[in-house]
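Have a look at this prediction, sequence included:
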Amino acid sequence: MKGSQQVFFQSDVPGRQGIDITSFPGGELYVGGWGAAPEELPELAGDVHAQLGEVERMKETVKGYLRVPEDEELGVFCGGEVL
């Protein structure tokens with residue numbers, strides 16, 4: 001996509017597989033590669049929910065890499081939901 005940039009941090013995230021950040025025109029970011037905390041999966045896929053603690057840790061890591069001021073909040077969209 002024209003105007004997009006992508007950065008991979010494959011060894012910089014302690015205890016994690018790494019993280020990748022893709023920027024899109026308009027200021028949106030896609031963040032991936034962050035491994036979820038192990039847990040037992042529910043029987044139905046519709047009962048799988050975001051691990052809010054992991055989302056918060058991921059946000060703090062991304063804010064550090066992007067040098068987002070601590071008092072600024074990042075909006076999070078996960079599976080079509082606003083978290």
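It's in. Numbering: from 1, shown residues only.

Now do the same for the residue sitting furthest away from the middle of the chain: helix, strand or coil?
Largest separation from the mean C-alpha position in the chain: Glu43, at 24.9 Å (Cα atoms, centre = their mean). Using DSSP: H, G, I helix; E, B strand; the rest coil, the secondary structure recorded for Glu43 is coil.

Give me the most central residue, the protein.
Most central in the chain under Cα atoms, centre = their mean is Val31, positioned 4.0 Å from the mean C-alpha point.

for it, which residues make a bridge with it?
Val31 has these beta-bridge partners by DSSP bridges: Ile21.

list the contacts for it?
Taking Cβ atoms under 8 Å, 6 or more residues apart in numbering, we find Val31 in contact with Ile19, Asp20, Ile21, Thr22, Met58, Val62. Every residue, glycine included, has its C-beta placed from N, CA and C.

any idea of the pLDDT on the residue farthest from the centre of the chain?
We have a pLDDT of 95 for Glu43.

wait, what's in contact with it?
For Glu43, no residue meets the contact criterion (Cβ under 8 Å, 6+ apart).

Mind putting the contacts of Val31 into JSON lines with neighbour count and pLDDT?
Shown next, in JSON lines, are the contacts of Val31 (neighbours: other Cβ atoms under 10 Å; pLDDT from 0 to 100):
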{"residue": "Ile19", "neighbour count": "20", "pLDDT": "83"}
{"residue": "Asp20", "neighbour count": "14", "pLDDT": "85"}
{"residue": "Ile21", "neighbour count": "18", "pLDDT": "87"}
{"residue": "Thr22", "neighbour count": "15", "pLDDT": "89"}
{"residue": "Met58", "neighbour count": "20", "pLDDT": "84"}
{"residue": "Val62", "neighbour count": "18", "pLDDT": "85"}
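
Pick out the most distant pair among those residues.
With Cβ to Cβ as the measure, no two of the contacts of Val31 lie farther apart than Thr22 and Met58, at 14.1 Å.

any low-confidence regions in the chain?
Residue ranges of the chain with pLDDT under 70: 1, 10-17.
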